[in-house]
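**Q** Build the 3D model from these lines:
(one chain, ligands or ions: 3)
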Amino acid sequence: MTKILVIEDEELVRENILDLLAAEDFDTIAATNGRIGVELAVSETPDLILCDLMMPEIDGYGVLTALREESVTATIPFIFLTAKSARGDFRQAMDLGADDYLTKPFTRTELLSAIASRLAKQAILAKQVCTKFEAQIFSPKFHMMEVYLRRTIEERDFQQFLVYYQPIVDIHSGRIIAAESLLRWQHPKLGMVAPTELIPLAESTGLILPISDWVLNKVCQQTKLWYNAGFTDLRVAVNLSAHQLIQPNFSQKIVNLLLSNNLVPDCLELELTENIIMQDINRAISTMKEVNSFGVKIAIDDFGAGYSSLIYLKQLPIHTLKIDRYFIQDIANDSQKAVITTALIQMAHNLNLQTVAEGVETEQELAFLRQYKCDAMQGFLFSCPLPVAEFEKILFAKKRLNV
Ligand code: C2E
Ligand code: MG
Ligand code: MG
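**A** Ligands and ions are numbered 1, 2, ... in the order given. This is a model prediction of the structure:
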């Protein structure tokens, strides 16, 4: 049964909403002020929250800010119900990460339709995680991993996490021009957990935010060390999760990281997949524009694997287009992949984007990419993702691709 938390200090309004929801067979919980609302949201993790804006102690903005910063409540759909109809209030609410904003008096139909559309969107998001990882999510191993992961985060035992780096190489000059950071989890009992298992688990449990914060910080520190060692034009990429993108303070977080690490912004690149962007294209555009205005670069990851068009994505300030591994595999012998990839490279160049081919494993694939002027490659042919010390060996030795 869908559980809805109603945070409203006016008794009459609260009781009316609760009656209306109960009549629609929703399971309801109620809070009479913002502080209780935050506590209930954390302990009960409802499916959706309806919240008044003006309340004593903590107002609606305060409630939303607190919930978006807490990993277990960060992604719960949140709808404001308020008598404040000024445009500025609406903007502030949406900027903080609200999903919808209804002004009182609203009709029963308006309220139910806002709830239905938010729940439908949440279901699509959950399904995207589930369909891919359904088998894992319901397995005992996954459950055990969840218990361990929660403990690791609660105890803030971040030494269990490692960041590996995989070189990205300029196909023309053969030089390492960038590196992608890739997370690993080394658990004392589970052994090494790959991100393909860890990330969906972390996303489905809301634990992704503390992990992502740790990764971002670690990568900025590392990039600064390489910068100081003379690698001033090495770009280091970080993969983002959808949860980070909807954090209201995300761009501020990036600024703070750059400042605290005294890092040049164009050393940092943020990788977003089409699916992440399409979950909330407007928010993706505004957040990425902000981040890009400081000089941080944006890459579209796994391009071609989703359903978006490049023209649509061009509304984002993109610097790099990473062509999904699927298209690269055996490209020299697969005419369809060849046609699509060459068209992608051409289009990307017309839009002034740098192209990176992902998952290049053979000389044949590389030769094809070179012939069709793909800018850069990443893949086992040159190097797999490596721990810092190993990556530094090839970086400091200025290992090059044969050109
Ligand atoms: P991705 O961002 O597309 O990263 C590239 C993946 O391709 C990496 O898998 C890399 O090891 C693999 N790869 C690279 N070259 C080759 C190759 O030549 N052949 C083959 N078969 N594979 C190659 P990895 O490290 O297992 O990461 C998987 C995914 O997990 C990443 O895909 C990314 O979406 C996600 N991920 C990794 N680290 C993070 C992170 O810190 N945060 C978030 N949100 N996601 C992450
Ligand atoms: Mg990536
Ligand atoms: Mg990729």
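**Q** Show me where the protein dips below the pLDDT cut-off.
**A** Along the chain, segments meeting pLDDT under 70 span 125, 127-140, 307-311.
**Q** again, 80 this time
**A** Applying pLDDT under 80 to the chain flags residues 71-72, 95, 97, 121-143, 305-314.
**Q** Tell me the spacing between the residue nearest to residue 236 when sequence neighbours are not counted and residue 187.
**A** Using C-beta to C-beta, 6 or more residues apart in numbering and skipping residues adjacent in sequence, the residue nearest residue 236 is residue 223, 4.4 Å away. C-betas here are computed from N, CA, C, even on glycine. When distance is defined by C-beta to C-beta, to the nearest Å, residue 223 is 26 Å away from residue 187.
**Q** More neighbours: these two, which one.
**A** residue 223 (23 against 17; other C-beta atoms under 10 Å).
**Q** That one looks like it's in a strand, true?
**A** No - counting by DSSP: H, G, I helix; E, B strand; the rest coil, residue 223 falls outside a strand, being helix.
**Q** Tell me who's in contact with it.
**A** 234, 236, 261, 263, 267-268 (C-beta atoms under 8 Å, 6 or more residues apart in numbering).
**Q** State the phi and psi torsions of the residue nearest the centre of the chain.
**A** For the chain, residue 241 is the residue whose C-alpha lies nearest the centre (C-alpha atoms, centre = their mean; 1.6 Å). Backbone torsions of residue 241, given as degrees, to the nearest 10, read phi -110, psi 160.
**Q** now the one 3 residues further on
**A** Recorded main-chain torsions at residue 244 are phi -70, psi -40, according to degrees, to the nearest 10.
**Q** ok, now how distant is the closest residue to it other than its chain neighbours from residue 74?
**A** Once flanking residues are discounted, residue 244 sits nearest to residue 212: 5.2 Å by C-beta to C-beta, 6+ apart. For residue 212, the distance to residue 74 equals 11 Å [C-beta to C-beta].
**Q** joint contacts of the two?
**A** Residues touching both residue 212 and residue 74 by C-beta under 8 Å, 6+ apart: residue 243.
**Q** The two: which is more packed in?
**A** residue 212 (23 against 17).
**Q** Could you tell me whether the more buried one really is in a helix?
**A** Yes - counting by three-state DSSP, residue 212 is part of a helix.
**Q** Wait, it touches residue 241, no?
**A** Yes - counting by C-beta atoms under 8 Å, residue 212 touches residue 241, with 5.8 Å between them.
**Q** Which residues are in contact with each of these two?
**A** If you check residue 212 and residue 241 against C-beta under 8 Å, 6+ apart, no residue is contacted by both.
**Q** those helices in the stretch 301-403 of the chain, which residues are they?
**A** If DSSP state H, counting those that start in this stretch is used as the criterion, the helices of the stretch 301-403 of the chain fall at 310-313, 325-328, 335-350, 363-371, 388-396.
**Q** Return the most buried member of the ones you listed.
**A** helix 325-328 (a mean of 20; mean count of other C-beta atoms under 10 Å).
**Q** So what touches that helix?
**A** If you take C-beta under 8 Å, 6+ apart as the criterion, helix 325-328 is touched by 302, 304-305, 337, 340-341, 344, 357-360, 365, 369, 379.
**Q** Restrict it to CA atoms and write it as CSV.
**A** In CSV, the C-alpha atoms belonging to helix 325-328 read as follows (Å, rounded to 0.1, in the frame of the first residue of the first chain):
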residue,chain,number,x,y,z
ARG,A,325,31.1,0.0,-25.8
TYR,A,326,28.4,-1.9,-27.7
PHE,A,327,29.0,0.0,-30.9
ILE,A,328,32.8,-0.4,-30.7
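**Q** anything in that helix near ligand 3?
**A** No - Helix 325-328 does not reach ligand 3 (C-beta under 5 Å from the ion); its nearest approach is 6.9 Å.
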